[in-house]
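**Q** Build me a structure from this.
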Amino acid sequence: PPLGLSEQYLYLQVKLAGRGKPFALHVDILTTDRSVLRFSFSSRFATPKRCGSQLLLPCPDLPPTAGKWTVLCIDLPALLWIHTANREGDFHALRGIVACSNMSFRSAFTSSMAFNPATLPKDFSLPLAPGRSFADSHHWIWKPAPPQQENGPPPTEQQNAPPSRPRGKKKAPAFAGKPAPPPRHDAGGGASPPPTGGSTRTRSRLHSPQG
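**A** Model (predicted):
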């Protein structure tokens, strides 16, 4: 069954075993027309190609990151629009993720917010050695292109990417946690303030024993 995660952006933390080694990563989605499609990223593909319900997508910018943790950010509605023009419906939900050969998988989460290395949620931050920046130690890749910011420059990674369309109100990333309890009432009828640091509504966090 689908994971039920409908946020626009998928963030994956992966690490390739070595440059030149083949890899494959599959992301399954469900559309509003109830179609199930699979985005397959692999070093074996030279050009994008449709094969039944599978979209075979090259990922040439991932092999150079071998040996370092990389945050692979996927704009799911934009990727679907580019390769199907939404002929099979709009993006509805994430169905599943499969990481295959020569790849370590650390974690994944979805969000309606476009993060960057400086704003990555604390629970998903990657370790940094003293005096080292994120760019020194890790990599950050957007697919199909970085989302357009209001009054900002257009995408540069892929010029034919459509503008990212927000899917409703912004929500915190979907990861493990518990909702804050309701306020307690004292004997005088007043409500005590809610505890600080409560987690937002959550649905799923994916882990891998590797890495």
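
**Q** Which residues outside the helix or strand where Tyr11 lies are in contact with it?
**A** Secondary structure assigned from DSSP states H and E places Tyr11 in strand 9-16. Residues from elsewhere that reach strand 9-16 (CB atoms under 8 Å, 6 or more residues apart in numbering): 23, 25, 27, 62-63, 65-76, 94, 97, 99, 102-115, 124, 126, 147, 173, 211. Using the backbone N, CA and C atoms, a C-beta is placed for each residue, glycine as well.

**Q** Next, give phi and psi for Asp123.
**A** The phi/psi pair for Asp123 (degrees, to the nearest 10) reads phi -60, psi -20.

**Q** moving C-terminal of the strand holding Tyr11, what's the next helix or strand?
**A** strand 24-31.

**Q** continuing past that following strand, what's the next helix or strand?
**A** Following strand 24-31 toward the C-terminus (DSSP H and E): strand 36-42.

**Q** Show me which of the contacts of strand 9-16 are buried.
**A** Buried members of these, scored by 16 or more other CB atoms under 10 Å, are 23, 25, 27, 62, 65-66, 69-76, 94, 97, 99, 102-103, 105-112, 114-115, 124, 126, 147, 173.

**Q** What segments of this structure are helices?
**A** With DSSP state H as the criterion, the chain has helices at 76-84, 134-137.

**Q** list the helices and strands the longest one packs on?
**A** By that I understand helix 76-84. Applying 3 or more CB pairs under 8 Å, 6 or more residues apart in numbering; DSSP states H and E, we find helix 76-84 packed against strand 24-31, strand 36-42, strand 54-58, strand 91-99.

**Q** Kindly reformat these as JSON lines containing mean pLDDT and distance to Ser137.
**A** JSON lines is the format used below for the helices and strands packed on helix 76-84 (pLDDT from 0 to 100; distance: least, CB to CB, whole Å):
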{"stretch": "strand 24-31", "mean pLDDT": "96", "distance to Ser137": "21"}
{"stretch": "strand 36-42", "mean pLDDT": "97", "distance to Ser137": "23"}
{"stretch": "strand 54-58", "mean pLDDT": "96", "distance to Ser137": "26"}
{"stretch": "strand 91-99", "mean pLDDT": "95", "distance to Ser137": "21"}
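
**Q** I'd like to know which of those lies nearest to Ser6.
**A** strand 91-99 (4.8 Å; CB to CB).

**Q** where does the chain have low pLDDT?
**A** 1-2, 149-211 (pLDDT under 70).

**Q** Provide the partner residues of Leu30 in its beta bridges.
**A** As for beta bridges, Leu30 partners with Val36, Ala93 under DSSP bridges.

**Q** Ramachandran angles for Pro130?
**A** The phi/psi pair for Pro130 (degrees, to the nearest 10) is phi -50, psi 130.

**Q** re earlier: how far off helix 76-84 does the strand holding Tyr11 point, in degrees?
**A** With axes from the mean of the first three to the mean of the last three CA atoms, to 10 degrees defining the directions, strand 9-16 sits at 80 degrees from helix 76-84.

**Q** from now on call the first residue 7
**A** From this message on, residue numbering opens at 7, which makes the last subject strand 15-22.

**Q** Partner strands of strand 15-22 and their direction?
**A** strand 76-81 (antiparallel), strand 109-117 (antiparallel).

**Q** Fine by me, thanks again.
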